[in-house]
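J.: Need a 3D model of the following:
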Amino acid sequence: MPKTLWLMTAAAGLLMLAACGKKGQEGPVVEQTFPCDNLQQVVSPEYVSLDKTTSADGKGSIKITASQPTTIKLFNIKYPGKNSKFTFDIKMKTENFSGQAYLKMDILYEGGGHASIQNYQDALMGDSGGWVPESISYTVPQKPYAIEISAVLNGTGTVWFDDGKLIRQSLKSN
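T.: Numbers count the residues shown, from 1 in each chain. The predicted structure follows:
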């Protein structure tokens, strides 16, 4: 009898844990990675180059040398999910750079609607001296068609990008 009681209690506990896991928010999930050791995922490869000698992880990075202020689309993520907070993390480094370098995130909806956010408050200014983590986040209640990540260089010089990833945090449904 005690063994049966123990099994029933354990089963009830497991059912309660499973039910609790379905409510509220899911934990953050890495939706997609962008290692930056090749140009296959880059939307505008004609404006960037691959640098195998400068890298945060030793495998290569995306390099942009700007002679004037520019915005370059780096990555496009199709159908990333809905009712979520999206955060794009990447490492950036600057050299001989005068101005600001930061990320821009465009949320594209079917039918032409969009939202755009830039994190110029956290912009790299001048030479960073090393790899600096940068991120940009946006909460999306509707299901977007795509998310585009761009590099904004309001200045001249060289900027590298490495180890990017899009993280999705599902929000609680009402």
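
J.: from here on, contacts and neighbour counts on C-alpha atoms
T.: Fine.

J.: what residue ranges in the protein are flagged as low confidence?
T.: Scanning the chain for pLDDT under 70 picks out 1-26, 173-174.

J.: what about the strands in it?
T.: Using DSSP state E, the strands of the chain run over residues 29-34, 49-51, 61-66, 70-78, 84-108, 114-118, 124-125, 132-140, 146-170.

J.: Same list, the ones you listed, but as CSV with mean neighbour count please.
T.: Below are these laid out as CSV (neighbours: other C-alpha atoms under 10 Å):
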stretch, mean neighbour count
strand 29-34, 15
strand 49-51, 17
strand 61-66, 22
strand 70-78, 17
strand 84-108, 21
strand 114-118, 14
strand 124-125, 18
strand 132-140, 17
strand 146-170, 22
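
J.: Make a markdown table out of those strands and add distance to Gln41.
T.: A markdown table is the format used below for those (distance: least, C-alpha to C-alpha, whole Å):
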| stretch | distance to Gln41 |
| --- | --- |
| strand 29-34 | 7 |
| strand 49-51 | 12 |
| strand 61-66 | 11 |
| strand 70-78 | 6 |
| strand 84-108 | 14 |
| strand 114-118 | 21 |
| strand 124-125 | 24 |
| strand 132-140 | 18 |
| strand 146-170 | 11 |
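
J.: Quick one, which of the ones you listed gets closest to Val43.
T.: strand 70-78 (5.2 Å; C-alpha to C-alpha).

J.: I'd like the distance from the closest one to the chain centre, please.
T.: For strand 70-78, the gap between its own C-alpha mean and the chain's C-alpha mean amounts to 11 Å (C-alpha atoms, centre = their mean, to the nearest Å).

J.: just checking, what packs against that strand?
T.: Judged by 3 or more C-alpha pairs under 8 Å, 6 or more residues apart in numbering; DSSP states H and E, strand 70-78 is in contact with strand 146-170.

J.: and the strand it packs on, what other elements does it pack with?
T.: Applying 3+ C-alpha pairs under 8 Å, 6+ apart, one finds that strand 146-170 makes contact with strand 29-34, strand 61-66, strand 70-78, strand 84-108.

J.: Select, out of those strands, the one closest to Leu50.
T.: Of the helices and strands packed on strand 146-170, nearest to Leu50 by C-alpha to C-alpha is strand 61-66, at 4.9 Å.

J.: if we can go back for a sec, could you dump the helices and strands packed on strand 146-170 into CSV with distance to Ala151 added?
T.: Rendered in CSV, the data for the helices and strands packed on strand 146-170 read as follows (distance: least, C-alpha to C-alpha, whole Å):
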stretch, distance to Ala151
strand 29-34, 14
strand 61-66, 9
strand 70-78, 5
strand 84-108, 5
